[in-house]
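Novice: Kindly generate the corresponding structure for this input.
(one chain, ligands or ions: 2)
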Amino acid sequence: MVNKTTATIGYPRIGLNREMKKALEAYWSGKSSLDELLKVSKQVEEESLKDQLNAGIQLIGVGDHTMYDHVLDWTFRLGLIPDRFKQVQNPKDKYFAMARGNKEGLQALDMSKFFDSNYHYLVPELNANSKPSPNFEEFLGEISRAQQQIGKERAVPIVFGPVTYARLARCEGVSVDEMISRLVPAYASLLNSLKSLQVPEVQMHEPGFVLGDAEILQKAAETAYQELAKVQVPINLVTYYDDLGKTYPWVVKLPVQTISLDFVRGDNLSLVKKHGFPADKKLGAGVLDGRSVWKDTGYAAQVIKELEAIVKTSIIVQPSCSLMHVPLDVNSEPSLDSNLKSRLSFARQKISELGLVASGKSDSTANGPGVASSQDLENTLDKSMFSRSEPFSKRRSQQFTVPGGFGTTTIGSFPQTPAVRKLRLQYKKGQVSEDEYQRQIDRHISFAIGVQEALGLDVFVHGESERSDMVEYFGQKLRGFTFTENGWVQSYGSRYVRPPIIYADVSRISPMTVREFVVAQSMTNKPVKGMLTGPVTILNWSFPRKDIPRKQQALQIALALRDEVADLEKSGCSIIQMDEPALREGLPLKKERWNEYLDWAVKAFRLSTVVAAPKTQIVTHLCYSDFQDILEAIDQMDADVLTIENSRSDDAMLRALAKYGYARDIGPGVYDVHSPAVPSTEFLVKKLEGFKKSGIPLERLWINPDCGLKTRQWEEVIPSLRNMVDVAVQLRKATKNGI
Ligand code: MET
Ligand SMILES: [Zn+2]
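Specialist: Ligands and ions are numbered 1, 2, ... in the order given. Predicted coordinates:
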């Protein structure tokens with residue numbers, strides 16, 4: 001029988017009660033000292049090791065604690081600091097300036113999504129002159145502390161690998177291959193230091209090998225790992241978030257002692273079966289889903305059994321990836337239903353599950369989420385439920401348009417002022433009655449309508465003051481969702497999210513947005529948009545079930561939203577916006593799986609919207625990413641108006657849409673809502689000039705900001721929108737006069 005041990009490859013680093021967030025924010029605002037921040041940070045680090053030690057984990061990943069972001073940590077340790085930060089003397093000030101910019105106007109590093117997760121990392125900026133000047137002192141200190149706490153034989157340093165580091169960086173004037181080779185000496189020296197600390201092995205995290213284009217890295221990766229092997233410290237090459245795909249045959253042959261694979265996403269099991277597994281290597285088997293909140297229901301043990309027939313040396317039972325993507329402890333959820341709780345597994349529960357799996361036992365309470373109804377929903381629905389009754393060419397003349405074109409509108413939310421937030425909190429705590437709450441919400445709606453009236457916008461919104469979050473709001477009103485009180489997961493830095501959990505079939509209980517729409521519409525003669533979050537976004541920003549495919553869950557949500565669209569229409573709503581900001585981010589890492597995802601994502605969007613009559617205008621809004629590679633899917637969504645984030649991308653998206661021949665209406669964002677700056681009319685005129693040049697027919701254009709305005713203040717919003725409307729009106733006149 002092969003030998004089995006347990007390991008972890010990363011743990012939540014935010015603290016049970018969001019200690020890191022609180023400590024960081026107190027430090028940034030000057031309310032506490034650096035010493036206090038460091039103290040909290042060490043406590044959180046210690047607690048997490050204590051958890052893993054108590055759970056009996058044999059090889060515990062250490063050194064993954066972070067003040068902000070682990071990729072930034074490696075940029076810092078490797079000494080790959082962009083020139084503009086070199087003027088900052090104090091190391092912590094420098095670190096945080098790279099993370100968030102500083103008061104002196106230094107711009108932070110760019111932030112980007114970490115693979116296909118909802119975590120965001122700070123993108124290393126490298127160029128022809130970038131040469132590592134490493135300083136691993138703090139990291140080595142962290143490793144020594146861990147060794148003292150949990151014992152040398154258990155503490156396995158987690159190192160972010162050179163290939164992935166270079167691959168995720170923005171390399172200007174230097175190739176990724178060249179950068180990898182420049183990194184190797186720094187990594188070799190680190191491995192040497194770790195060797196002197198007598199670590200049992202080093203985890204080299206290389207998720208970059210699962211990316212679709214990782215093949216091109218073969219040569220550089222082989223050279224790098226041959227060099228690193230010379231140090232002669234055992235290396236565990238850790239990959240996750242997908243299977244190795246085409247890179248499997250050569251990645252498993254790299255000169256390392258252990259290969260760790262994700263057996264939850266992608267299909268590494270088939271690759272292992274097809275190609276075999278090197279007889280002299282250990283296998284880190286990521287069999288417990290590190291990105292799911294559900295207990296394993298026997299899958300892990302099954303995979304281990306199959307692997308035992310193939311692997312010759314030893315199998316290490318571990319989570320599929322770092323547990324940073326799940327909340328810390330189910331036991332911090334006093335109000336969750338106890339039956340449901342017994343089926344959930346957050347980080348602390350997962351590490352005890354590992355032991356069970358390794359010992360061949362499984363948990364009898366784990367019987368999967370909800371009542372499974374795994375029927376293929378798509379096939380139970382008539383095909384006509386996925387198409388509008390008339391094509392866009394016939395719909396458009398029946399829908400609302402602004403004479404002279406360039407209709408002005410906004411994306412939905414207006415400033416979430418302290419008063420709005422306080423009101424929602426009081427309501428949540430039962431301090432204001434439902435009636436009183438609605439009366440107050442209606443006052444906010446009335447204010448928003450008044451402002452839009454005064455500014456002369458063409459299509460109004462009610463302002464979303466009743467929503468703290470565009471997914472949570474709908475989740476709370478739908479059957480099948482549940483919420484945690486303390487289930488925080490790091491999104492970036494000190495920003496954490498609490499994704500809803502889908503635990504059963506989703507359906508609508510009663511109308512969710514109709515009341516607010518009716519109130520808003522009763523206050524104005526201008527059309528008010530109905531405002532909904534799309535099915536794919538609701539799904540992608542929640543923890544899904546594991547007992548039925550994501551597609552089925554998306555279609556269930558879509559059916560619920562479809563009823564909402566029908567009800568809005570019945571209440572007199574003639575323009576309905578279905579936001580899908582998270583559509584793009586759900587794309588699988590490997591291109592060959594894109595079509596399958598896009599197929600059901602588009603179907604879900606259509607199922608939720610096409611119920612609308614031809615005269616009802618369906619708007620969608622996409623933001624947060626570059627959509628140029630999914631133009632066809634966007635076209636197939638068949639929305640009448642597409643509002644899209646564009647303000648930061650130099651109209652590239654617009655040109656791409658024009659080139660593609662996108663023929664429906666478009667509302668490209670004319671200014672960046674994430675900046676407090678008020679866009680001047682000159683700026684906006686220039687922006688609109690750019691639109692003209694993009695090749696999009698002018699009569700197809702709407703004028704709007706690039707996203708919702710909830711994070712802004714009225715003092716910024718009012719002058720910004722005033723300028724926006726002014727410029728649209730000017731353009732309308734100019735175009736009419738043929739200028
Ligand atoms: C992240 S997209 C946000 C769209 C939403 N309607 C809003 O304005 O807030
Ligand atoms: Zn948006």
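
Novice: hey, where'd the strands end up in the stretch 151-300 of the chain?
Specialist: 155-160, 170-172, 202-205, 235-238, 258-262, 282-288 (DSSP state E, counting those that start in this stretch).

Novice: Check whether R388 really touches T616, as I assumed.
Specialist: No. Taking contacts as CB atoms under 8 Å, R388 lies outside contact range of T616: 9.5 Å. Bear in mind the C-beta positions are built from the backbone N, C-alpha and C, glycine included.

Novice: between the two, which one's more packed in?
Specialist: T616 (23 against 20; other CB atoms under 10 Å).

Novice: now that one: how far from I60?
Specialist: T616 sits 57 Å away from I60, going by CB to CB, to the nearest Å.

Novice: How about A520?
Specialist: With distances taken as CB to CB, A520 is found 54 Å from I60.

Novice: now do R508
Specialist: From R508 across to I60, the span is 45 Å (CB to CB).

Novice: thinking again about what came up before, ok, which of the strands of the stretch 151-300 of the chain comes nearest ligand 1?
Specialist: Proximity to ligand 1 (CB to the nearest ligand atom) singles out strand 170-172 among these, at 24.1 Å.

Novice: Domains in this protein, by residue range?
Specialist: The chain breaks down by automatic domain parsing into domains covering 3-67+109-358, 407-465+510-736.

Novice: Would you mind saying which of the ones you listed lies nearest K477?
Specialist: Of all the domains of the chain, domain 407-465+510-736 sits nearest to K477, with 4.4 Å by CB to CB.

Novice: Would you mind naming what in this protein lies close to ligand 1?
Specialist: For the chain, the residues in contact with ligand 1 (CB under 6 Å from any ligand atom) are 411-413, 464, 470, 531, 579, 581, 621, 623, 707-708, 710.

Novice: Going along the chain, name the strands of the stretch 601-739 of the chain.
Specialist: Counting by DSSP E, counting those that start in this stretch, one finds strands in the stretch 601-739 of the chain at the ranges 617-622, 641-644, 665-668, 702-703.

Novice: any chance of those in TSV, plus mean pLDDT?
Specialist: Listed next are these as TSV, based on pLDDT from 0 to 100:
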stretch	mean pLDDT
strand 617-622	97
strand 641-644	96
strand 665-668	96
strand 702-703	97
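
Novice: So for ligand 2, which of those sits nearest?
Specialist: Evaluated over those, closeness to ligand 2 peaks at strand 617-622, with 5.5 Å, by CB to the ion.

Novice: gap between the closest one and the chain center?
Specialist: With CA atoms, centre = their mean, to the nearest Å as the basis, strand 617-622 stands 21 Å off its chain's centre.

Novice: Could you spell out the sheet neighbours of it, each with its direction?
Specialist: The sheet places strand 617-622 alongside strand 575-579 (parallel), strand 641-644 (parallel), with pairing taken from DSSP bridges.

Novice: Of all the ones you listed, which one is nearest R396?
Specialist: strand 641-644 (9.9 Å).

Novice: Which residues does the closest one contact?
Specialist: 409, 411, 577, 617-623, 627, 634, 653, 657, 662, 664-669, 702, 704, 706 (CB atoms under 8 Å, 6 or more residues apart in numbering).

Novice: wait, does that strand contact ligand 2?
Specialist: No. Counting by CB under 5 Å from the ion, ligand 2 has no neighbours in strand 641-644; the shortest distance is 8.3 Å.

Novice: quick revisit: can I have the buried ones of the contacts of strand 641-644 as a PyMOL selection?
Specialist: Only the buried entries of the contacts of strand 641-644 go into this PyMOL selection, using 16 or more other CB atoms under 10 Å:
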select buried, resi 409+411+577+617+618+619+620+621+622+623+627+634+653+657+662+664+665+666+667+668+669+702+704+706
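
Novice: Now do the contacts for the nearest residue to N236 once chain neighbours are set aside.
Specialist: Leaving aside its chain neighbours, N236 sits nearest to T258 (3.8 Å; criterion: CB to CB, 6 or more residues apart in numbering). If you count contacts by CB under 8 Å, 6+ apart, T258 has them with 201, 234-237, 281-284, 316.

Novice: redo that, cut-off 7 Å
Specialist: T258 makes contact with 201, 236-237, 281-282, 284, according to CB atoms under 7 Å, 6 or more residues apart in numbering.

Novice: How many residues are close by the spatially closest residue to E201 that is not a sequence neighbour?
Specialist: Spatial nearest neighbour of E201, excluding adjacent residues (CB to CB, 6+ apart): P234 at 3.9 Å. Residues near P234, counting by other CB under 10 Å, number 15.

Novice: for T313, same thing?
Specialist: If you count neighbours by other CB under 10 Å, T313 ends up with 15.

Novice: so who does it touch?
Specialist: T313 sits next to 2, 280-282 when contact means CB under 7 Å, 6+ apart.

Novice: got the strands of the stretch 601-739 of the chain as JSON lines, with distance to L254 columns?
Specialist: Formatted as JSON lines, the strands of the stretch 601-739 of the chain follow (distance: least, CB to CB, whole Å):
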{"stretch": "strand 617-622", "distance to L254": "39"}
{"stretch": "strand 641-644", "distance to L254": "42"}
{"stretch": "strand 665-668", "distance to L254": "46"}
{"stretch": "strand 702-703", "distance to L254": "52"}
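
Novice: Could I get the contacting residues of the residue of the stretch 551-700 of the chain found nearest ligand 2?
Specialist: Proximity of the stretch 551-700 of the chain to ligand 2 (CB to the ion) peaks at C623, 3.3 Å away. By CB under 7 Å, 6+ apart, C623 lies in contact with 581, 645, 706-707.

Novice: Tell me the one among the residues you listed nearest to ligand 1.
Specialist: The shortest approach to ligand 1 among the contacts of C623 belongs to P581, at 3.9 Å (CB to the nearest ligand atom).

Novice: Q52 contacts S352, correct?
Specialist: No. Between Q52 and S352 there is no contact under CB atoms under 7 Å: 10.2 Å.

Novice: so how far is ligand 1 from P234?
Specialist: Per CB to the nearest ligand atom, to the nearest Å, P234 is found 45 Å from ligand 1.

Novice: before we move on, back to that, JSON lines for the strands of the stretch 151-300 of the chain, including distance to ligand 2 and mean pLDDT?
Specialist: Below are the strands of the stretch 151-300 of the chain laid out as JSON lines (distance: least, CB to the ion, whole Å; pLDDT from 0 to 100):
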{"stretch": "strand 155-160", "distance to ligand 2": "31", "mean pLDDT": "98"}
{"stretch": "strand 170-172", "distance to ligand 2": "24", "mean pLDDT": "95"}
{"stretch": "strand 202-205", "distance to ligand 2": "32", "mean pLDDT": "98"}
{"stretch": "strand 235-238", "distance to ligand 2": "34", "mean pLDDT": "98"}
{"stretch": "strand 258-262", "distance to ligand 2": "31", "mean pLDDT": "98"}
{"stretch": "strand 282-288", "distance to ligand 2": "33", "mean pLDDT": "98"}
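
Novice: the helices in the stretch 251-400 of the chain, which residues?
Specialist: If DSSP state H, counting those that start in this stretch is used as the criterion, the helices of the stretch 251-400 of the chain fall at 268-275, 299-308, 338-341, 347-358, 377-380, 392-395.

Novice: mind pulling up the phi and psi values for the closest residue to the residue of the stretch 551-700 of the chain closest to ligand 2 other than its chain neighbours?
Specialist: Distance criterion CB to CB, 6+ apart; nearest residue to C623, sequence neighbours excluded, is E645 at 3.7 Å. With angles defined as degrees, to the nearest 10, E645 sits at phi -70, psi 130.
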